[in-house]
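**Q** next one to model:
(one chain, ligands or ions: 2)
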Amino acid sequence: MPPAEKHEYQAEVNRLMDLIVHSLYSNKEVFLRELVSNASDALDKLRYLSVTDPDLLKDGPELDIRIQTDKDNGVITITDSGIGMTKQELVESLGTIASSGTAKFLKALKESQEAGVDSNLIGQFGVGFYSAFLVSDKVAVSTKSPKSDKQYVWEGEADSSSYTIREETDPAKLIPRGTRLTLYLKRDDKGFAHPEKIQKLVKNYSQFVSFPIYTWQEKGYTKEVEVDEPVEAKKEGDDEPTTEVKKKTKTVVEKYWDWELTNETQPIWLRNPREVSTEDYNEFYKKTFNEYMDPLASSHFTTEGEVEFRSILYVPATKKEDITDRKTKNIRLYVKRVFISDDFDGELFPRYLSFVKGVVDSNDLPLNVSREILQESRIVRIMRKRLVRKAFDMILGISCSENRDDYERFWENYGKFLKLGCMEDKENHKRIAPLLRFFSSQSNEELISLDEYVENMKPEQKDIYYIAADSLSSAKHAPFLEKLNEKEYEVLFLVDPMDEVSVTNLSSYKDKRFVDISKEDLDLGDKNEEREKEIKQEYSQTCDWIKKHLGDKIARVDISNRLSSSPCVLVAAKFGWSANMERLMRAQSM
Ligand code: ADP
Ligand code: MG
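**A** Numbers count the residues shown, from 1 in each chain. Ligands and ions are numbered 1, 2, ... in the order given. Sure, this is the predicted structure:
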């Protein structure tokens with residue numbers, strides 16, 4: 001046997017292992033979900049590559065996962081026929097971790113421990129493999145990549161800062177392709193090596209894996225056998241009974257071991273929506289996108305006709321922090337159930353909707369679909385349109401739900417994205433506008449929709465009025481409001497820097513123009529021209545005097561009917577920037 005090479009773990013891996021081995025005690029069973037999901041990823045990679053390189057499957061066409069338990073010795077083996085790892089890939093994948101992820105993981109872990117949460121966090125940070133050490137003293141990974149003609153074994157122990165790699169030479173242990181993990185369970189965790197226990201965990205955690213998972217189970221069948229049975233019989237005249245042997249049939253159970261298919265492999269999006277529960281959708285979402293909160297809404301649909309595809313979309317409940325971060329892996333594209341990619345940049349979904357997550361499975365795209373094909377494909381354009389429409393329907397559904405909190409949560413998390421949509425997606429203005437929310441002069445610091453505004457308009461009122469300000473209190477105290485309050489016209493308070501930009505992009509809602517009440521030509525439909533003329537004449541000297549004294553600081557001094565109690569107000573020119581826009585521009589140029 002060739003000697004084993006000793007390797008040291010990267011420092012972060014050491015810290016991580018230490019935490020996993022010594023601090024995580026609850027919910028240890030997630031190790032199975034993590035390891036099965038790695039096996040499934042490895043199978044996905046192979047299946048995808050084999051589309052263009054069918055030779056990759058020459059060592060065996062089956063793509064599956066097999067889990068065997070040895071309860072007497074407390075050993076579990078998990079074997080997949082996936083892409084495997086070369087020696088170098090072993091070192092890179094199972095000895096180092098992207099350190100940014102680790103730092104985040106360690107921080108989240110610390111916080112969650114304070115809050116009493118558990119090992120569930122592991123998968124979220126791309127350190128799933130090490131969860132094997134939640135339950136194992138020792139782990140062996142024997143793996144064969146189609147790129148290499150050698151099979152290698154990685155071995156690590158729970159309390160060690162190093163691992164070893166050696167070549168596999170035992171012919172009995174060679175596998176044609178893929179990876180076999182052997183877990184030597186800790187004394188207290190040997191219970192996981194029971195076949196029924198593993199079966200239960202697989203059913204629980206891996207119901208959405210799209211490759212068959214087989215577990216090694218003891219089975220039995222009954223059969224009828226003929227047995228000789230001694231029967232005592234006492235014949236007439238005899239003193240003692242005599243024993244006779246008679247043939248009798250008996251039912252016996254024959255035991256044997258065999259692989260048993262343990263999961264349902266039909267992808268959830270292919271099932272009939274009527275047969276899928278909300279819990280199933282939520283579970284699938286959490287499993288697929290590494291989320292730990294149920295989504296706010298989901299939508300499962302099939303489109304037919306010109307382009308046929310199936311999809312499940314979700315609106316997450318968790319906040320997406322960075323609005324500019326668009327590389328989000330939010331949509332997973334499958335072609336004929338083969339996972340193709342989740343790395344898109346606006347091709348399938350506009351960027352401003354990148355918070356919507358989901359899966360899309362199409363039969364109409366080629367399996368070897370590339371970025372270029374995606375960008376130019378007419379099919380993709382149609383898909384995109386439909387997906388966007390469905391996403392808006394789903395969001396509208398949240399806004400119409402009984403539960404106002406849900407939409408508040410949505411708006412708080414994703415309002416910004418919809419405002420961005422007002423700028424980037426003219427075509428969908430009519431879908432975005434009803435979803436917007438604003439503060440207003442009559443809503444008592446609650447957000448209202450444009451529909452609510454329109455409903456509340458006075459019969460003679462033609463326009464939708466707004467004022468942009470840097471805070472609710474400065475909006476409330478703006479002198480421009482006086483006249484409108486007097487007439488009981490509601491005024492939208494645009495206090496978020498993006499509000500005004502979105503409203504000016506929309507320019508109208510339900511045929512009602514958005515009108516900035518701080519602009520000079522505000523017409524409230526109550527002009528008395530005769531009287532105005534008189535007053536203008538009377539005060540023309542006063543106006544000249546003020547203009548003379550303020551000079552270049554202002555453009556003009558005018559008589560106006562806009563105020564009711566304040567003596568004067570500064571207004572923006574009709575075609576100039578509003579005061580708020582000026583503030584914004586100033587902030588940007590700094
Ligand atoms: P993640 O799955 O998020 O990348 P893991 O810690 O679970 O993080 O796994 C680390 C890496 O190890 C994987 O990205 C993959 O490259 C490799 N790996 C783990 N398990 C397997 C497997 N069964 N087959 C092939 N590669 C694997
Ligand atoms: Mg993983």
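**Q** show me which residues of the protein are close to ligand 1?
**A** Residues of the chain found near ligand 1 (C-beta under 6 Å from any ligand atom) are 34, 38-39, 41-42, 80, 82-85, 93-94, 126-129, 179. (C-beta placed from N, C-alpha, C; glycine too.)
**Q** how about a cut-off of 5 Å?
**A** Residues of the chain lying close to ligand 1 (C-beta under 5 Å from any ligand atom) are 38-39, 42, 85, 93, 126-129, 179.
**Q** could you export those as CSV, including neighbour count?
**A** CSV is the format used below for these (neighbours: other C-beta atoms under 10 Å):
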residue, neighbour count
38, 22
39, 27
42, 23
85, 23
93, 15
126, 14
127, 22
128, 20
129, 20
179, 26
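**Q** residues near residue 466, how many?
**A** 26 (other C-beta atoms under 10 Å).
**Q** name the nearest residue to it, ignoring sequence neighbours.
**A** Nearest residue to residue 466 in three dimensions, chain neighbours excluded: residue 492, at 3.9 Å (C-beta to C-beta, 6 or more residues apart in numbering).
**Q** same deal with residue 451?
**A** In space, and not counting its chain neighbours, residue 451 is closest to residue 434: 6.1 Å by C-beta to C-beta, 6+ apart.
**Q** what separation do you get for the one you found and residue 506?
**A** Separation of residue 434 from residue 506 (C-beta to C-beta, to the nearest Å): 11 Å.
**Q** between those two, who's got more neighbours?
**A** Using other C-beta under 10 Å as the criterion, residue 434 and residue 506 rank with residue 506 on top: 20 against 16.
**Q** isn't that one up against residue 435?
**A** No - in this structure residue 506 lies outside contact range of residue 435 using C-beta atoms under 8 Å: 11.7 Å.
**Q** overlap in contacts, the two.
**A** The contact sets of residue 506 and residue 435 do not overlap (C-beta atoms under 8 Å, 6 or more residues apart in numbering).
**Q** list the contacts for residue 40?
**A** 65, 80, 206, 209-211.
**Q** just the ones in helices from these, please.
**A** Nothing among those maps onto helices, per DSSP state H.
**Q** and the residues you listed, which is closest to residue 370?
**A** Distance to residue 370 across the contacts of residue 40 (C-beta to C-beta) is lowest for residue 210, with 22.7 Å.
**Q** identify the residue spatially nearest to the closest one, adjacent ones excluded.
**A** Once flanking residues are discounted, residue 210 sits nearest to residue 267: 5.2 Å by C-beta to C-beta, 6+ apart.
**Q** if I look at the one you found, how far off is ligand 1?
**A** Going from residue 267 to ligand 1 by C-beta to the nearest ligand atom, to the nearest Å gives 20 Å.
**Q** what sits against that residue?
**A** Residue 267 is in contact with 208, 210, 334, 337, 359, 361, counting by C-beta under 8 Å, 6+ apart.
**Q** where do the strands sit along the stretch 101-250 of the chain?
**A** Here the stretch 101-250 of the chain has its strands, by DSSP state E, counting those that start in this stretch, at 136-144, 151-157, 162-167, 178-185, 213-233, 242-261.
**Q** and the shortest one with strand 151-157, angle?
**A** When you say that, I think you mean strand 162-167. Strand 162-167 and strand 151-157 are oriented at 160 degrees to each other (axes from the mean of the first three to the mean of the last three C-alpha atoms, to 10 degrees).
**Q** tell me which other helices or strands strand 162-167 touches.
**A** If contacts are counted by 3 or more C-beta pairs under 8 Å, 6 or more residues apart in numbering; DSSP states H and E, strand 162-167 sits against strand 5-8, helix 87-93, strand 151-157.
**Q** same question, the last one
**A** Secondary-structure packing of strand 242-261 (3+ C-beta pairs under 8 Å, 6+ apart): strand 213-233.
**Q** export the strand it packs on as PDB, just CAs?
**A** The C-alpha trace of strand 213-233 is given here as PDB (Å, rounded to 0.1, in the frame of the first residue of the first chain):
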ATOM      1  CA  ILE A 213     -31.400   7.300  -2.900                       C
ATOM      2  CA  TYR A 214     -31.200   3.600  -2.000                       C
ATOM      3  CA  THR A 215     -30.800   2.400   1.600                       C
ATOM      4  CA  TRP A 216     -29.600  -1.100   2.500                       C
ATOM      5  CA  GLN A 217     -32.600  -2.700   4.200                       C
ATOM      6  CA  GLU A 218     -33.400  -6.100   5.700                       C
ATOM      7  CA  LYS A 219     -36.400  -7.600   3.900                       C
ATOM      8  CA  GLY A 220     -38.400 -10.600   4.400                       C
ATOM      9  CA  TYR A 221     -40.900 -12.600   2.400                       C
ATOM     10  CA  THR A 222     -43.100 -15.400   3.600                       C
ATOM     11  CA  LYS A 223     -43.200 -18.800   2.000                       C
ATOM     12  CA  GLU A 224     -45.000 -22.000   2.600                       C
ATOM     13  CA  VAL A 225     -42.700 -25.000   3.500                       C
ATOM     14  CA  GLU A 226     -43.500 -28.600   4.100                       C
ATOM     15  CA  VAL A 227     -42.300 -29.800   7.500                       C
ATOM     16  CA  ASP A 228     -42.300 -33.200   9.200                       C
ATOM     17  CA  GLU A 229     -44.300 -33.000  12.400                       C
ATOM     18  CA  PRO A 230     -44.400 -35.700  14.900                       C
ATOM     19  CA  VAL A 231     -48.000 -36.500  16.000                       C
ATOM     20  CA  GLU A 232     -48.900 -38.700  18.900                       C
ATOM     21  CA  ALA A 233     -51.600 -41.000  18.200                       C
END
